[in-house]
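Enquirer: sharing a sequence plus its predicted fold:
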Amino acid sequence: MISLEELKNLPSEAESAALSAKNQQELNQIAIRFLGRKSKLTLFLRSLKDLPKEKRVEVGQVANKVRSRISEIFEARGRSLAHSLKPIDITLPGISPRLGHAHLISQAINEISAIFKEIGFKRVRHPEVESDWYAFEALNMPPDHPARDEWETFFMDRPAKGDGDGKRFILTPHATSGTTRALVARKLPLRVINIQKCYRRQSDISHVPMFHQFDGVYADEGVTIRHLKGVLEYFVKSYFGVKREVRLRPFHFRFTEPSFEVDISCGVCGGQGCRLCKEGWVELGGAGMLHPNVLKAAKIDPAKITALAFGWGVERVLLMRSGLEIPDIRILYENDLRFLEQF
């Protein structure tokens with residue numbers, strides 16, 4: 001007679017043996033080995049009468065559970081083999097997997113990249129963890145500039161050795177931090193657009209701590225505001241529609257001179273004036289001619305080379321697109337499929 005321990009191991013042995021069966025005939029032969037009249041289990045059950053009465057009930061319960069479990073194993077394996085033998089109609093249409101799609105922001109980035117590629121702008125990528133020098137110093141921002149406030153920018157304790165004066169690392173607050181990198185690393189004439197994640201300590205219905213910006217630079221001999229206006233008009237009409245107009249409004253940025261705020265005609269009223277725009281125009285972003293100090297930081301002679309620059313948030317242009325009404329920018333990053341599957 002087998003021991004009680006061996007009895008408890010029988011289901012594991014039966015399962016391994018059942019899985020090795022390639023057809024129902026082999027499975028039947030294996031089942032006889034474990035459940036037939038001469039099986040270890042059957043012989044064990046017959047020997048129970050020889051046990052003391054006080055142990056007979058306890059051991060009998062264990063043996064019955066083992067028999068039930070082994071029977072279940074062979075029944076399940078039998079069903080599996082029967083299912084695998086069913087003919088497959090290869091002419092039936094397959095079950096298509098559920099497909100996702102690019103996020104709304106990714107769609108906008110791809111569209112923006114494609115538009116600027118048509119006029120010769122190559123997309124580049126720059127670090128999201130940046131040094132103080134590239135983000136501020138090289139862009140003509142003095143130490144007392146508001147953007148350097150720790151309530152505006154994510155500063156790190158680690159010093160940024162090897163760049164400029166070795167100030168701290170930061171999470172880049174704007175895509176413009178890649179301007180000097182592009183000017184230093186690439187040969188002129190230069191026509192690039194940087195689209196990347198940016199970080200600021202802001203969160204409300206129109207701001208998120210992590211967002212996306214695109215920043216374009218065109219540097220060469222003889223680049224003027226006329227080129228800037230042409231680039232901006234091409235983008236606006238390609239992305240927002242041919243009826244939209246562009247207006248340059250004088251402004252002040254540390255890294256461009258002259259500087260402009262870029263407005264586009266309102267998509268709701270067509271520039272006539274409404275509750276949204278008030279006077280027919282809505283602000284899109286900033287642009288201008290690169291400041292001579294920015295060119296000098298990249299070791300470029302501003303007397304020979306001029307450059308235009310422009311940049312603003314991807315989320316901003318997305319939300320301004322005609323027919324798209326999103327009341328809170330944070331909705332874009334809540335990962336709510338009920339919202340995202342609409343686009």
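Expert: Structure received.
Enquirer: which non-adjacent residue is nearest residue 292?
Expert: residue 302 (3.8 Å; CB to CB, 6 or more residues apart in numbering). Placement of C-beta: from N, CA and C, glycine included.
Enquirer: could you measure from that neighbour over to residue 239?
Expert: According to CB to CB, to the nearest Å, residue 302 and residue 239 sit 31 Å apart.
Enquirer: out of those two, which sits in the busier spot?
Expert: Remark: of residue 302 and residue 239, residue 239 carries more neighbours, 18 against 15, as counted by other CB atoms under 10 Å.
Enquirer: got the contact list for the more buried one?
Expert: By CB atoms under 8 Å, 6 or more residues apart in numbering, residue 239 lies in contact with 111, 112, 115, 317, 321.
Enquirer: wasn't the residue nearest to residue 292 part of a strand?
Expert: No: membership of residue 302 in a strand is not supported by DSSP: H, G, I helix; E, B strand; the rest coil, which gives coil.
Enquirer: do I have it right that it meets residue 296?
Expert: Yes: Residue 302 lies in contact with residue 296 (CB atoms under 8 Å); the separation is 6.5 Å.
Enquirer: where does the spatially closest residue to residue 328 that is not a sequence neighbour land on pLDDT?
Expert: Closest residue in space to residue 328, ignoring its immediate chain neighbours: residue 205 at 4.5 Å, by CB to CB, 6+ apart. As predicted, residue 205 sits at a pLDDT of 81.
Enquirer: quick one on the thing from earlier: how near is the residue nearest to residue 292 to residue 213?
Expert: Look at residue 302 and residue 213: by CB to CB, they are 25 Å apart.
Enquirer: ok, now residue 78?
Expert: For residue 78 relative to residue 213 (CB to CB), the value is 63 Å.
Enquirer: these two: which is more packed in?
Expert: Legend: neighbour count by other CB under 10 Å for residue 78 and residue 213, higher for residue 213 (23 against 16).
Enquirer: element containing that one?
Expert: Taking DSSP states H and E as the definition, one finds residue 213 inside strand 210-220.
Enquirer: name the residues of stretch 316-324 that are buried.
Expert: Of all the residues in stretch 316-324, those buried under the rule 16 or more other CB atoms under 10 Å are 316, 317, 318, 319, 320.
Enquirer: residues in contact with that stretch: which ones?
Expert: So stretch 316-324 is contacted by 104-105, 108, 112, 239-241, 264, 267, 282, 284-285, 326, 329 (CB under 8 Å, 6+ apart).
Enquirer: quick check: bridge partners of the nearest residue to residue 112 once chain neighbours are set aside?
Expert: Closest residue to residue 112 apart from its sequence neighbours, by CB to CB, 6+ apart: residue 214 at 5.7 Å. Beta-bridge partners of residue 214, counted by DSSP bridges, are residue 195, residue 312.
Enquirer: quick one: residue 180 from residue 167, how far?
Expert: Distance from residue 180 to residue 167, counting by CB to CB: 15 Å.
Enquirer: more neighbours, these two?
Expert: Between residue 180 and residue 167, counting by other CB under 10 Å, residue 180 is the more crowded of the two (26 against 19).
Enquirer: what residues are up against that one?
Expert: Neighbour list for residue 180: 134, 138, 139, 294, 297, 298 [criterion: CB under 8 Å, 6+ apart].
Enquirer: please narrow those to those residing in strands.
Expert: Using DSSP state E, no member of the contacts of residue 180 falls within strands.
Enquirer: closest one of the residues you listed to residue 255?
Expert: Proximity of the contacts of residue 180 to residue 255 (CB to CB) peaks at residue 139, which lies at 4.1 Å.
Enquirer: list phi and psi for the closest residue in space to that closest one that isn't next to it in sequence.
Expert: Closest residue to residue 139 apart from its sequence neighbours, by CB to CB, 6+ apart: residue 255 at 4.1 Å. Reported as degrees, to the nearest 10, the phi and psi values for residue 255 are phi -100, psi 0.
Enquirer: contacts only, for residue 60.
Expert: With CB under 8 Å, 6+ apart, residue 60 has these contacts: 45, 48.
Enquirer: 7 Å instead, please
Expert: By CB atoms under 7 Å, 6 or more residues apart in numbering, the contact set of residue 60 is residue 48.
Enquirer: which SSE is it in?
Expert: helix 53-84.
Enquirer: what about residue 67, neighbour count?
Expert: Residue 67 has 20 nearby residues by other CB under 10 Å.
Enquirer: how far away is it from residue 76?
Expert: The gap separating residue 67 from residue 76 is 15 Å, by CB to CB.
Enquirer: strands of the stretch 151-300 of the chain, start to end?
Expert: In the stretch 151-300 of the chain, the strands defined using DSSP state E, counting those that start in this stretch lie at 155-159, 168-171, 190-199, 210-220, 246-253, 256-265, 281-290.
Enquirer: tell me the strands beside the first one, with direction?
Expert: Spelled out, it's strand 155-159. Here strand 155-159 is paired, per DSSP bridges, with strand 168-171 (antiparallel).
Enquirer: in the partner strand, what counts as buried?
Expert: Per 16+ other CB under 10 Å, strand 168-171 contains these buried residues: 169, 170, 171.
Enquirer: you'd agree the last one is up against residue 155?
Expert: To tie it back to what came earlier, the one meant is residue 171. No: in this structure, residue 171 is not within contact of residue 155 by CB atoms under 7 Å, at 8.4 Å.
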